[in-house]
Structure formats: structure tokens, C-alpha cells
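1. Okay, sequence plus prediction incoming.
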Amino acid sequence: MGVDLGREAFDATLDELALLAESAGDTPVARVVAKRKAPDAALFIGSGKADEIKLMVQALGAHTVLFDQAISPAQQRNLERHLGVPVADRTALILEIFAARAQSFEGKLQVELARLQYLATRLVRRWSHLERQSGGIGMRGGPGESQIELDRRMIDDRIKSIKERLKKVQRQRATQRRARTRSGVFRVSLVGYTNAGKSTLFNALTKAKAYAANQLFATLDTTTRSLYIEEAGASVSLSDTVGFIRDLPHKLVEAFKATLQEAADADLLLHVVDAASPVLTEQMEEVERVLAEIGAQHIPQILVYNKLDLLEPNQRPRALQDWLTRIGGEHGGQRLPRIFVSAAQGEGLDELRAMIASLMQAAPVPEYAGQETDLEPSPLDDVDGGDEADAMGDADEADLNAQDLPQDRSDVQDDPQGRAG
Ligand SMILES: Nc1nc2c(ncn2[C@@H]2O[C@H](COP(=O)(O)OP(=O)(O)OP(=O)(O)O)[C@@H](O)[C@H]2O)c(=O)[nH]1
Ligand SMILES: [Mg+2]
């Protein structure tokens, strides 16, 4: 279900919603588009549309109705009452996928943090909604004010305890990262929109078997492998990371900052693009936005246009390597090296390795080589987002016990450099 508020590439966003639903294990059975100038306050859609959907739900035996846009908690409840089935929006769906996919201890904690934070904002909103309209629809059958306060306190406590546990894991990760930095190994990170083919490329380059699938967010945990680049006569560390998506819930980005830090710390980013996507420009812009959010916008990039094999003969580029000039934004006019590859069929990979080698040689000798002092702490090293930073106090800093630290699968097992520290 999507309400077309005049957004460009509307079909593509519904395709993406369908793929998200499939990635969550659902089978989309119908797609409904409503044209409106603005969402309806109570139902998000008009009541005529809601009746139409209700009939479809019954005829098709659908068990959920998904909305592409964010719906308010009140709209969600009204719709559920009207339609007789659960209603969810895109954010809830993304959170569900992340929850199902998280593998590492850290990943699970991060997802739980994001879910609780999402829940907490909805409780606050629901509460203020009740305050404003006491006696309104929201009141009937809904929890009372004190119940909500109680829920909120429980959620706050849980958020606090998860943040404390995350801090411990992340301190360990930061130590490993610093060791890796000091080792002087050139670090390359794959970044890009979800489903662009990062894991497939990672596997093709390292002959590894990271999970790659036609699903959104197939990868959640960072995997790092050593990759020997013959042209450079040296090894680099290559990391496969979580994919980005448009309107990624902000709290989720915040919760995953530690994982994304892998990208922010790289010497070189391979920005993987699905060259066959009809909305590749929008996807690239979204990736740029997230890179800026994690402070990685200035790291040298190679644009890797993947899925070359899917392009029609007349769409194929004349040259497999060229330069793309960025339009607009902070980097307007900047020229980025671009290469077309097919990770699935192995085309262009030798050229990509050669390109990595030449960028390695062009890279400045790192200042930190041989230096024993800690690097400047990155803003992302601290998992607490902004205003909540003080809430944890200093007490938790004192009782750190290295023995409690759970093993982080991705760093400990997959990364030969990780053991250096
Ligand atoms: N035809 C074609 N398909 C590809 C190519 N590379 C990847 N794919 C397919 O694209 C889909 C996504 O690939 P992944 O490697 O899982 O993509 P990803 O970027 O790691 O995705 P997330 O981890 O979900 O963010 C899979 O179905 C791959 O088989 C390619 O070069 N050509
Ligand atoms: Mg992946």
C-alpha cells in the first residue's frame, strides 16, 4: 500500500517495499495506490480507500497491510480497527528484518536498541496525542496515562542497560580497530545501497562465502578479510558492510554507527552501485547522505557499477573505466573514478584490483605509522546519541571487565588483522 503524494519514482519505491516485505518472509499479494494531496489525519487514507482495502484483505486472505510512508500510532490503531488485520509501515518492516537478520552479539544489541528507541518515540507521541484529545478515539481501549508512563520507564531502563552492554563490546572493537590502523594495512570498505551486490563482490574478490541473496539487508554484520592485490604487491583488508536504504530510520543509523564505523575508518571506499537499477541516482544520493552522516564523505571512493551483465547491449558503456563528475551537493564537480563490473560473472575484477592498487600508491603515507598514541577519538566511537549521552553517567566506565566481553564473531574470526592487537 502506498499513498502517492506526488513523489518521483513512485513505482520504484513500491517495488522496494515489496522486496522489503519478501525479505521479511512475506509474500505481497496486492498493491494499492491512493492519490491524495495530504494524508488523512485519522486513517492516513480516505475511508472509501480503506473500505476497498478491507474487501481486498478479505478476498485475498492477506494477513498484514504495509504502508510505504510513516503512519502515526493513532492512524495505525484506527486502520487496524478498520481493516481487521495488523498494519505496519516501512520503518517497522525494516526493524523487523534487522531483528531477524542480526547475527553477532553486537548486531543483536544494536537492533534491540533501535527497536526500543522506535517504541519509545511512539509511546511519547501516543501519550501527547491522548493528552490533547482525552475522550477521543485514542482513549477507547487504549492504555491509561500511568500505564504508558510505566511502560516508558521500563523501556528507558532497558535502553540504558543495552547501551551499557554495547559500550563494552564497542570498546573492544575500537581497540581492535586501532591495532589494525597502527598495523598500517590499507583498509578498503564496500559500501552501497542494499542489494547492490556488495557481498557478491566481496566473495568474488576474496573467494569467501559471505551470505549474498536477493534480499534487502542480507548483510548486517561487518565481515573483514585480507585480500592480496598482486598489482600492489601487498594485502589490503576488505570489509563488507550493511547496506543503506532511503529514509533509513534515524535511530537505526544511530544504533548501527559502530558497525558503520568500519566504513568511516577506511582508506578507500568501493561504492557499489546496481547499474541496472532504474533509480540508481537516488540510491547513490542516499548512500552519500549516510556517508556524510557517519563522517565518511571525504574518504577516496571508487564507484563500482555492478551487474554489468544485466544491461542491454545498447545500455552498455563505451568504456568500462571512466570518470564520473558529481553533480550538486557538497562535492559538486568532484571527479570520481568509475568502473563497470559484474561481480556475479567476474567481469572487470582484474581492472578493479588494478584500480585499487593505483589508489593505494596514490594514498598519502598515513601519519599514524609507528605512532603509539591513540588516534583522535572519532565522534562515532561513542554509541550514545547526543542528548542521551549524559544519562549513563560515569559509573559504567569504571566497572569494565575485559573478561566479560563476548566474542564478536565478525571481528575475531573473520579478520586476520583483528588478532594483531
Ligand atoms: N545479474 C547480476 N546479479 C548480481 C550481481 N551481483 C550481485 N547480484 C545479485 O544481486 C543480489 C544482491 O546481492 P548481494 O551481494 O547480496 O547484495 P548486497 O549489496 O550485499 O546486499 P545487502 O547485504 O542486502 O545490502 C543477489 O541476488 C545477487 O545474486 C551481478 O553482477 N549480476
Ligand atoms: Mg550483503
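-> All right, it came through fine. Ligands and ions are numbered 1, 2, ... in the order given.
2. for the stretch 1-150 of the chain, what spans make up the strands?
-> Under the criterion DSSP state E, counting those that start in this stretch, the stretch 1-150 of the chain carries strands at the ranges 2-4, 33-35, 65-67, 87-89.
3. my bad, the stretch 201-350 of the chain
-> Under DSSP E, counting those that start in this stretch, the stretch 201-350 of the chain gives strands at 223-229, 234-240, 268-274, 301-306, 321-325, 335-340.
4. Those strands: which one's closest to S47?
-> The closest of those to S47 is strand 268-274. By CB to CB, the value is 39.0 Å. C-beta: built from backbone N, CA, C; applies to glycine.
5. residues of that closest one that come out buried?
-> The neighbour-count check on strand 268-274 (16 or more other CB atoms under 10 Å) flags L268, L269, L270, H271, V272, V273, D274 as buried.
6. Could you do stretch 111-126 as well?
-> Those would be V111, E112, L113, A114, R115, L116, Q117, Y118, L119, A120, L123, R126, for stretch 111-126 by 16+ other CB under 10 Å.
7. These also near ligand 2: which ones?
-> Here nothing survives when these are matched to ligand 2 using CB under 5 Å from the ion.
8. Look through this structure and state the residue closest to ligand 1.
-> G243 (2.4 Å; CB to the nearest ligand atom).
9. Next up, identify which helix or strand the nearest residue to A212 once chain neighbours are set aside is on.
-> Excluding the flanking residues, the one nearest A212 by CB to CB, 6 or more residues apart in numbering is S199, at 3.8 Å. Assigned by DSSP states H and E, S199 belongs to helix 198-206.
10. That helix - contacts with which helices or strands?
-> Helices and strands touching helix 198-206, by 3 or more CB pairs under 8 Å, 6 or more residues apart in numbering; DSSP states H and E, are strand 186-192, strand 223-229, strand 234-240, strand 268-274, strand 301-306, helix 349-362.
11. got the contact list for the closest residue to I299 other than its chain neighbours?
-> In space, and not counting its chain neighbours, I299 is closest to L269: 5.2 Å by CB to CB, 6+ apart. Residues near L269 by CB atoms under 8 Å, 6 or more residues apart in numbering: V188, S189, L190, V191, A263, L291, A296, I299, P300, Q301, I302.
12. roughly how far apart are the nearest residue to Y211 once chain neighbours are set aside and S23?
-> In this structure, Y211 finds its nearest non-sequential neighbour in A218, 5.6 Å apart by CB to CB, 6+ apart. According to CB to CB, to the nearest Å, A218 stands 8 Å off from S23.
13. now S104
-> Plainly put, S104 is 19 Å away from S23 if you go by CB to CB.
14. Give me the buried positions along stretch 50-64.
-> Neighbour counts over stretch 50-64 (16+ other CB under 10 Å) mark A50, I53, K54, M56, V57, A62 as buried.
15. V290 contacts V253, doesn't it?
-> Yes. Contact criterion CB atoms under 8 Å: V290 and V253 qualify, at 6.6 Å.
16. which residues touch the residue most central in space within the chain?
-> Residue closest to the average C-alpha location in the chain (CA atoms, centre = their mean): F244, at 4.1 Å. Listed by CB under 8 Å, 6+ apart, the contact set of F244 reads V191, G192, Y193, T194, E286, V287, V290.
17. the more surrounded of V290 and V253?
-> Each of V290 and V253 has its neighbours counted (other CB atoms under 10 Å); V290 has more, 22 against 17.
18. ok, now which ones touch that one?
-> Contacts of V290 (CB under 8 Å, 6+ apart): F244, L248, V253, L260.
19. Which members of the residues you listed are the farthest-apart pair?
-> Longest span within the contacts of V290, CB to CB: L248 and L260, 10.4 Å.
20. domains of this structure?
-> 2-94, 184-362 (automatic domain parsing).
21. and the last one with ligand 2, contact?
-> Yes. If you take CB under 5 Å from the ion as the test, domain 184-362 does meet ligand 2, through K198, S199, A218, T219.
22. Surely the last one is in contact with Y211?
-> Yes. Judged on CB under 8 Å, T219 makes contact with Y211 at a distance of 6.6 Å.
23. Look at the two and report which has more neighbours.
-> Under the criterion of other CB under 10 Å, the comparison of T219 against Y211 puts T219 first, with 22 against 15.
24. give me every residue that touches the more buried one.
-> T219 makes contact with K198, S199, A210, Y211, A212, D240, T241, V242, G243, according to CB under 8 Å, 6+ apart.
25. of the residues you listed, buried ones?
-> K198, S199, A210, A212, D240, T241, V242, G243.
26. Give me the nearest residue to the third one, chain neighbours excluded.
-> Closest residue to A210 in three dimensions, ignoring its sequence neighbours and counting by CB to CB, 6+ apart: S199, at 4.6 Å.
27. so that neighbour touches N214, yeah?
-> No. Look at S199 against N214 with CB under 8 Å: they stay out of range, at 11.2 Å.
28. Of all the contacts of T219, the one with the weakest confidence?
-> Lowest pLDDT of the contacts of T219: A210, 70.
29. show me what contacts that residue?
-> Neighbours of A210 in contact, by CB under 8 Å, 6+ apart: S199, F202, N203, T219, T223, D240.
30. dump the residue contacts of the closest residue to the fourth one other than its chain neighbours.
-> Spelled out, it's T219. Setting aside the residues directly before and after it, T219 is nearest to S199 in space (CB to CB, 6+ apart), at 5.3 Å. Contacts for S199 (CB under 8 Å, 6+ apart) come out as A210, Y211, A212, A218, T219, D240.
31. what does T64 give?
-> D26, V85, P86, V87, A88.
32. gap between it and V29?
-> 10 Å.
33. what do you get for I148?
-> Separation of I148 from V29 (CB to CB) stands at 35 Å.
34. Over to Q321?
-> Q321 is 44 Å from V29, by CB to CB.
35. Check Q301 too.
-> Distance from Q301 to V29, by CB to CB: 40 Å.
36. Just want to know which of these two has more residues nearby.
-> Using other CB under 10 Å as the criterion, Q301 and V29 rank with Q301 on top: 24 against 13.
37. Contact partners for that one?
-> L268, L269, L270, H271, L336.
38. Quick check: beta-bridge partners of the closest residue to it other than its chain neighbours?
-> Using CB to CB, 6+ apart and skipping the chain neighbours, the partner closest in space to Q301 is L269 (4.6 Å). Applying DSSP bridges to L269 gives these bridge partners: S189, Q301.
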